[in-house]
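Novice: How does the following fold in three dimensions:
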Amino acid sequence: YHYHRSQVVHHSPDLNLLRRLEVLNMCNHYTGCSEICTLFLRPGFRRAQAGKLLSRVRFLFMAQHPQRFANTVIAEMRGVSDESGQSPFWNWLSEHFVDLDFDTVTRMVGTGDNGFIADLMPRHPLYVHLMAKNARAVIGQVHEETRPALNMLETEGFRHTGYVDPFDGGPTVEARLTDIRTVSASIGCRVQVVDGVEPALDKWHTGGQGRILAISNSGVENFRATITAAARYLPSRNLLQVPVTLANTLGLSNHGQARFTDLTTARTDRRPVAIPICQQQEALHAHR
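Specialist: Coordinates of the predicted model:
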């Protein structure tokens, strides 16, 4: 369930009066779409760029296995709530329509119990100008802590088209699977396991560092991915050379298949910063 934000026009030609009013209509527009959800890193794995890695490599998985996903991919972004965790949007709705507090609603929806939406939520359009000012103000807005996630998805090509969460008013963003930046820019290739890779041909002009790639294997149950500067792609042969240690960590073998995307193309405005998981060849496992 979502609310769709749109306008209705009230027009009387005889009186020469015209007024456009914003409304919210309950709908099931995203039924059948694939949804990417909240990511969580255990405390022991939290370090610079680790969250971004986990977020990006799921798109590598989707690129490798597109048959498992719908053509449209969505993400529901957390809406605005106050210091006590209360949603101004839901507080207005509960006051007038549904006698349930926000914590209860959040818990019910999180466990898949959303039957009350059809039973209790208003069936007619909500005229936004009749809502409380603080409820109107948060429609389509994200929580401050969610803004980095929204920025990342927008960089990947996700866009908000007017659909909002019926509980906190947060925006739902969408993209066609094939238009997601990491999906469209990723390359499926063969693997060559080598003793070492000298990235001299791909050095940065100032840093002397190899190109930074996000690499994944082609598995499902044993899907693994990492980012590294110790691999080299040979486009004329569609061949990815990876050192033995990295190949073992990712479960890659000679003549096997892998998928990667070049992360340096989005960082040309500044010198790349090597992070520990690249330097030490540690792989963060992104398990399906």
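
Novice: residue ranges of the strands in the chain, please?
Specialist: Secondary structure of the chain, counting by DSSP state E: strands at 2-12, 17-27, 34-35, 72-76, 126-127, 159-164, 171-176, 187-194, 213-217, 225-228, 232-234, 239-243, 257-262.

Novice: To what extent is the residue nearest to F89 when sequence neighbours are not counted buried, counted in neighbours?
Specialist: Nearest non-adjacent residue to F89, counting by CB to CB, 6 or more residues apart in numbering: G169, 3.6 Å away. The way it works is simple: take the backbone N, C-alpha and C, and place the C-beta from them, glycine included. When neighbours are defined as other CB atoms under 10 Å, G169 has 27 of them.

Novice: Compute the distance between G169 and V23, please.
Specialist: Distance check for G169 against V23: by CB to CB, to the nearest Å, it reads 14 Å.

Novice: Am I right that the residue nearest to F89 is in contact with G79?
Specialist: Yes - in terms of CB atoms under 8 Å, G169 counts as a neighbour of G79; the distance is 4.8 Å.

Novice: Identify the contacts common to the two.
Specialist: With contacts defined as CB atoms under 8 Å, 6 or more residues apart in numbering, the residues shared by G169 and G79 are S87, F89, V138, Q141.

Novice: which of these has the most neighbours?
Specialist: Across those, neighbour numbers were computed from other CB under 10 Å; F89 holds the maximum, 30 neighbours.

Novice: ok, that one - contacts?
Specialist: Applying CB under 8 Å, 6+ apart, we find F89 in contact with G79, V80, A135, V138, I139, F167, D168, G169.

Novice: go on, D103?
Specialist: Taking CB under 8 Å, 6+ apart, one finds G85 in contact with D103.

Novice: Please enumerate the helices of the stretch 51-200 of the chain.
Specialist: 88-96, 102-110, 115-120, 133-137, 147-155, 181-185 (DSSP state H, counting those that start in this stretch).

Novice: rank those by pLDDT, which is bottom?
Specialist: Among the helices of the stretch 51-200 of the chain, helix 115-120 carries the lowest mean pLDDT, at a mean of 74.

Novice: Could you measure from the residue nearest to Q141 when sequence neighbours are not counted over to N151?
Specialist: Leaving out its chain neighbours, the residue that sits closest to Q141 by CB to CB, 6+ apart is V80, at 5.1 Å. Here the distance between V80 and N151 works out to 16 Å (CB to CB).
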